[in-house]
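J.: Sequence and predicted model, in that order:
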Amino acid sequence: MSTTNQNILSELNNIFNNVFDEGDISINPLTTAQDIDGWDSLNHIRLIVTIEKFYKIEFTSLEIGQLKNIGDMVALIVNKL
């Protein structure tokens, strides 16, 4: 994993802990929604909006629908930056 991807993963980990109001979430490229307690449709929207604001980017509905795990999200953010 490149340094850029590692930095984004670290930033996303902080975002996840803030959105899910946890202090002990630890994500990796293979993490999925099923791996995190409380990752429901409402928190999914909050998560996407928070990530978009943090990176000053926008995701399309198609892009969001194609995400399978955190690794896909990191790759999408890298492509958008």
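T.: That came in fine, so what should we check first? Numbering: from 1, shown residues only.
J.: Now that residue 33 has come up, it's in contact with residue 47, right?
T.: No - counting by CB atoms under 8 Å, residue 33 stays clear of residue 47, with 9.4 Å between them. From N, CA and C alone the C-beta is placed, and that goes for glycine too.
J.: who's more crowded, the two?
T.: In this view residue 33 and residue 47 are compared by other CB atoms under 10 Å, and residue 47 has more residues nearby, 20 against 16.
J.: thinking again about what came up before, who touches both of residue 33 and residue 47?
T.: Both residue 33 and residue 47 are in contact with residue 39, where contact means CB atoms under 8 Å, 6 or more residues apart in numbering.
J.: if I pick the residue nearest to residue 22 when sequence neighbours are not counted, what's in contact with it?
T.: Using CB to CB, 6 or more residues apart in numbering and skipping residues adjacent in sequence, the residue nearest residue 22 is residue 16, 7.6 Å away. By CB under 8 Å, 6+ apart, residue 16 lies in contact with 22, 25, 27, 36, 47.
J.: can you give me phi and psi for the last one?
T.: The main-chain torsion angles of residue 47 are listed as degrees, to the nearest 10 and equal phi -60, psi -50.
J.: Could you list which residues are in contact with residue 57?
T.: Counting by CB under 8 Å, 6+ apart, residue 57 touches 51, 77, 80, 81.
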